[in-house]
Structures are given as structure tokens and as C-alpha cells.
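1. heads up, no residue letters with this:
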């Protein structure tokens with residue numbers, strides 16, 4: 001028992017000095033840290049605008065009076081860090097990258113100023129400050145975002161009015177410029193959230209009313225914002241009609257239209273020009289026979305025909321050619337002055353010229369026997385020059 005007590009007392013005696021040594025080491029480490037370089041920054045996140053400026057502000061403290069060595073690096077999405085600038089005090093060491101020339105300024109306290117911000121400047125910036133007399137190097141990280149301000153959004157919908165109990169009526173919010181936009185909806189000036197009837201899309205661009213009720217008759221607007229700006233659309237009015245009121249409106253409009261048509265028809269009087277046009281369109285146009293004066297033909301003389309039924313030299317059994325058959329009575333001015341044989345000769349002449357056949361030779365008559373066929377008495381005829 002005595003030996004066990006001695007062992008426990010020895011263990012306690014050895015544990016107390018080890019605790020004191022540990023505490024002493026911590027105090028020594030903190031003293032060295034205070035004696036070394038210490039960096040502080042006012043903000044861990046800086047938001048910049050495209051084309052603007054960004055100030056990555058830091059400050060350091062050190063017991064040494066030597067100039068610090070300042071190094072700024074940019075880290076993007078698990079890529080190797082890119083050294084932007086390295087300087088001793090405000091004097092830049094080496095050559096800058098082409099994309100950072102004439103856009104960077106380093107201050108004595110280690111602050112970095114970026115001009116003419118680009119979207120590619122976004123990322124996590126790390127600054128390292130070291131002094132030759134101090135064995136420790138201080139580090140600090142600052143995140144920079146670069147955005148484009150959003151433009152004013154506008155609400156699009158199929159129609160500004162809808163019937164009660166309609167389904168799936170959609171409103172769309174859209175805008176032109178802006179990066180990293182986030183959308184929101186307002187109804188009557190109050191923020192809308194998802195529920196069983198008002199459905200918001202995943203990106204909040206679309207508001208869908210599953211079943212339209214009379215309570216949805218209100219003013220709607222949408223908002224768009226990003227880290228550097230926010231805009232609200234012009235409010236739009238959605239009108240909801242009851243189905244019974246629609247029937248009343250349609251019937252009233254139909255009755256009004258009917259009354260208007262009846263009034264117009266009863267009060268309308270045609271003008272003088274319209275009446276004259278209607279009369280001219282109704283009157284028949286005179287034909288050629290009516291417009292041209294009808295020639296006055298003298299009364300035909302009642303003389304017996306002097307030509308035989310058949311041409312001379314042809315027997316009665318031979319059929320008469322069509323061109324030599326007696327012509328029907330003609331009422332023209334020429335027929336009143338010509339006899340039938342003269343008309344036959346005139347027809348023969350025209351047909352000979354048209355067909356190239358000499359009908360006079362074709363139907364030439366054989367010598368006539370004067371005893372069997374006496375010659376009819378001759379009468380004076382008039383010669384026609386054709």
C-alpha cells in the first residue's frame with residue numbers, strides 16, 4: 001500500500017512540470033507572433049461593377065522598419081494561383097501579366113487597387129507580406145465579385161383579363177442586362193411565396209395560377225436583383241371576370257349592335273350619284289343591230305325566175321353540187337341588186353379564190369343540143385366587176 005502511494009505521488013509531481021512547460025511554450029509562440037508581421041483587413045468580401053474599380057484594403061504591423069515584400073495572388077475554382085503583382089513596398093518587381101497592365105496599383109500598407117474591372121477579375125485574392133528580419137509571413141484572403149447591373153424587368157402575360165375558374169394562367173418575368181439575377185413576385189405590394197394554387201418556377205421567372213379565383217383580381221409586379229443592384233417592373237393589372245357577367249356583357253353587346261344596324265339601315269338614303277349609277281347599270285346596252293341604222297331595201301320585183309333548177313348541161317338525175325344549189329333569200333343590200341345566177345357566179349368566184357379550184361372548168365357543160373333543149377330567151381344583164 002505504501003509503495004502504491006509513493007508511485008501515485010511521483011506521477012503527480014512529474015505531471016505538474018510538464019503542464020508548466022507547455023504553457024510556457026504557448027506564451028513564447030504568442031510573443032514571437034506579436035513580434036512578427038500581422039495583417040488585418042476591413043472586409044473579407046468586395047463587390048465590384050464591370051468597368052469600375054475595386055479596392056482590396058489591408059494593413060500590416062511589424063516591429064521591423066524594413067520595407068515589406070508584398071505578393072498578391074488570384075485563385076479561381078480549384079485552379080493554380082495566378083501571381084498578379086509582387087513588389088517591395090510600392091516598387092513592382094518584374095513584369096506584369098498583359099491583362100493587368102495599367103490596371104494595378106499597390107500602396108505602402110499592402111492595399112491593392114484594380115481599375116477597369118473585368119468579369120475575369122472575379123475570384124479569391126490572397127496577399128502575403130513578409131519582412132527580411134521576421135521569420136514569419138502573414139497572409140490574408142479577400143473575395144472579389146464583378147457584376148453587371150440589372151435592367152428594369154417587365155411582366156408578360158397572354159391577356160390582361162381572364163375568366164373565373166380558368167386553369168394554368170401564367171405570368172412571365174424577364175429582363176435584358178444583368179449578371180447573377182434573382183427574381184421575386186409581388187401581389188398587391190406583398191411578396192408571393194409558393195402555395196397550392198400560386199406556383200413559382202424553380203428560377204422564379206414564372207408565376208402560374210393553377211385555378212383562377214376572384215381573389216386573383218389584383219396588381220402584379222416582379223423584382224430582379226443581383227449583388228450590386230435591384231429593379232422592379234411596372235405593375236400590371238389582372239382582371240378576373242365572373243362567367244355569369246360574361247354572358248350579360250355578350251348579350252348586351254349583341255343587342256346594341258342589332259339596334260345600331262337597324263338605325264343605320266332606316267336612316268340611310270342613297271346619294272344622287274349612287275342612283276344614277278344604279279339606273280345606268282339596269283338599262284340594257286344597245287346591240288349592234290339596234291345601234292346601226294337598218295338599210296331600207298326596195299320591194300322585190302315579182303318576176304318569174306329565169307334560171308332552171310339544174311345548171312345547163314346537167315341531167316335531172318345528177319345531184320346538184322352544194323355550191324351550185326339555189327341560195328336562200330338574202331336580205332343584204334347586195335342581194336337586192338343581183339339576180340340568182342349572178343349570185344351563183346359570185347359564190348363560185350369566191351370559192352375558187354379560197355380553195356384554189358376552178359369550179360367553172362369542173363362543172364363545164366357539154367355541147368347543148370339545140371333541138372332537145374331549147375335555149376331560153378336572153379335578157380340584158382348588168383356586168384359586175386368583182
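-> The structure has been received and is ready for your questions. Treat the numbers as computed from the prediction; the structure is a model and nothing was measured. Numbering: from 1, shown residues only.
2. So what's the residue count around residue 167?
-> Close neighbours of residue 167, defined as other CB atoms under 10 Å, add up to 9. The way it works is simple: take the backbone N, C-alpha and C, and place the C-beta from them, glycine included.
3. Please report how far it lies from residue 199.
-> Computed as CB to CB, to the nearest Å, the residue 167 to residue 199 distance reads 12 Å.
4. Also residue 213?
-> According to CB to CB, residue 213 stands 14 Å off from residue 199.
5. show me where the stretch 101-250 of the chain has helices.
-> 243-267 (DSSP state H, counting those that start in this stretch).
6. Any stretches of it with poor pLDDT?
-> Applying pLDDT under 70 to the stretch 101-250 of the chain flags the ranges 245-246.
7. now the strands: where do they sit in it?
-> Using DSSP state E, counting those that start in this stretch, the strands of the stretch 101-250 of the chain run over 104-106, 112-114, 123-130, 138-147, 154-157, 161-163, 167-174, 182-187, 190-191, 198-200, 206-211, 218-226, 229-232, 236-241.
8. Same list, those, but as JSON lines with distance to residue 79 please.
-> Below are these laid out as JSON lines (distance: least, CB to CB, whole Å):
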{"stretch": "strand 104-106", "distance to residue 79": "20"}
{"stretch": "strand 112-114", "distance to residue 79": "19"}
{"stretch": "strand 123-130", "distance to residue 79": "9"}
{"stretch": "strand 138-147", "distance to residue 79": "15"}
{"stretch": "strand 154-157", "distance to residue 79": "39"}
{"stretch": "strand 161-163", "distance to residue 79": "52"}
{"stretch": "strand 167-174", "distance to residue 79": "34"}
{"stretch": "strand 182-187", "distance to residue 79": "27"}
{"stretch": "strand 190-191", "distance to residue 79": "39"}
{"stretch": "strand 198-200", "distance to residue 79": "36"}
{"stretch": "strand 206-211", "distance to residue 79": "36"}
{"stretch": "strand 218-226", "distance to residue 79": "24"}
{"stretch": "strand 229-232", "distance to residue 79": "29"}
{"stretch": "strand 236-241", "distance to residue 79": "45"}
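9. looking at those strands, which is closest to residue 73?
-> Among the strands of the stretch 101-250 of the chain, strand 123-130 comes nearest to residue 73, with 4.8 Å by CB to CB.
10. strands paired with that closest one, and their directions?
-> Partners of strand 123-130 in the sheet, by DSSP bridges, are strand 69-75 (antiparallel), strand 138-147 (antiparallel).
11. Let me have these in TSV, adding mean neighbour count and distance to residue 155 as columns.
-> Listed next are these as TSV, based on neighbours: other CB atoms under 10 Å; distance: least, CB to CB, whole Å:
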stretch	mean neighbour count	distance to residue 155
strand 69-75	20	40
strand 138-147	18	23
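12. Using a markdown table, lay out these together with distance to residue 91.
-> Rendered in a markdown table, the data for the strands paired with strand 123-130 read as follows (distance: least, CB to CB, whole Å):
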| stretch | distance to residue 91 |
| --- | --- |
| strand 69-75 | 10 |
| strand 138-147 | 20 |
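13. out of these, nearest to residue 45?
-> Smallest distance to residue 45 across the strands paired with strand 123-130 (CB to CB): 4.9 Å, for strand 138-147.
14. tell me the contacts of residue 92?
-> Neighbouring residues of residue 92 by CB atoms under 8 Å, 6 or more residues apart in numbering: 85, 86, 104, 106.
15. Of those residues - the most surrounded one?
-> Neighbour-wise, the contacts of residue 92 (other CB under 10 Å) top out at residue 106, 21 neighbours.
16. What is the neighbour count of the closest residue to that residue other than its chain neighbours?
-> In space, and not counting its chain neighbours, residue 106 is closest to residue 87: 4.9 Å by CB to CB, 6 or more residues apart in numbering. By the criterion of other CB under 10 Å, residue 87 has 21 neighbours.
17. what does residue 257 give?
-> 10.
18. Likewise for residue 228?
-> 19.
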